[in-house]
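> Predicted coordinates and the sequence they were generated for:
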Amino acid sequence: VEYLGAMVTLVRGELTKLQRGSLVALITIDVHNRDIIEYLVNDKTDNKQDFNWQMRIRYYWDDSIQPIGDCKIQQVTAEFIFAHEYLGASFRLVITPLSDRC
């Protein structure tokens, strides 16, 4: 959590518009992830079969995907191979409870 403070200090410094936007997106994602972990701990989620864990979008590295492994995305019973698409550096990143479930 200490690195969040360092990132906030960094975002207040001299940055280009693209750098600031990228850093704000990273801070938003990290704060969201911190809140999710806090929720899981407080709810006593203690195994990967718990629905509180299953409902989250999860990323795993799978060495069995040839030729060198790949990132697999899972949520509940859905499973996809990460497509490595680049969507650009969005300046309007918003994470809400609704977007977290979609």
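On my side now, so go ahead.
> Name the SS class of the spatially most central residue of the chain, please.
Centroid-nearest residue in the chain, with Cα atoms, centre = their mean: Ile29, separated by 5.5 Å. Look at Ile29: counting by DSSP: H, G, I helix; E, B strand; the rest coil, its state is helix.
> my read: it touches Ile95, true?
Yes. The pair Ile29 / Ile95 is scored as a contact, 7.3 Å apart, by Cβ atoms under 8 Å. C-beta coordinates here come from the backbone N, C-alpha and C atoms, glycine included.
> How many residues are close by Asp63?
8 (other Cβ atoms under 10 Å).
> go on, Val11?
16.
> Would you map the strands across the protein?
Per DSSP state E, the chain carries strands over the ranges 58-62, 70-75, 78-81.
> Could you dump these into CSV with distance to Tyr3, mean neighbour count and mean pLDDT added?
CSV is the format used below for these (distance: least, Cβ to Cβ, whole Å; neighbours: other Cβ atoms under 10 Å; pLDDT from 0 to 100):
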stretch, distance to Tyr3, mean neighbour count, mean pLDDT
strand 58-62, 20, 11, 92
strand 70-75, 23, 15, 92
strand 78-81, 30, 10, 92
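> what would those look like in a markdown table with distance to Gly13?
Shown next, in a markdown table, are those (distance: least, Cβ to Cβ, whole Å):
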| stretch | distance to Gly13 |
| --- | --- |
| strand 58-62 | 30 |
| strand 70-75 | 32 |
| strand 78-81 | 38 |
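> For Leu15, find the nearest of those strands.
strand 58-62 (27.4 Å; Cβ to Cβ).
> from the chain's centre, how far out does the closest one sit?
12 Å (Cα atoms, centre = their mean, to the nearest Å).
> Kind regards, and thank you for your time.
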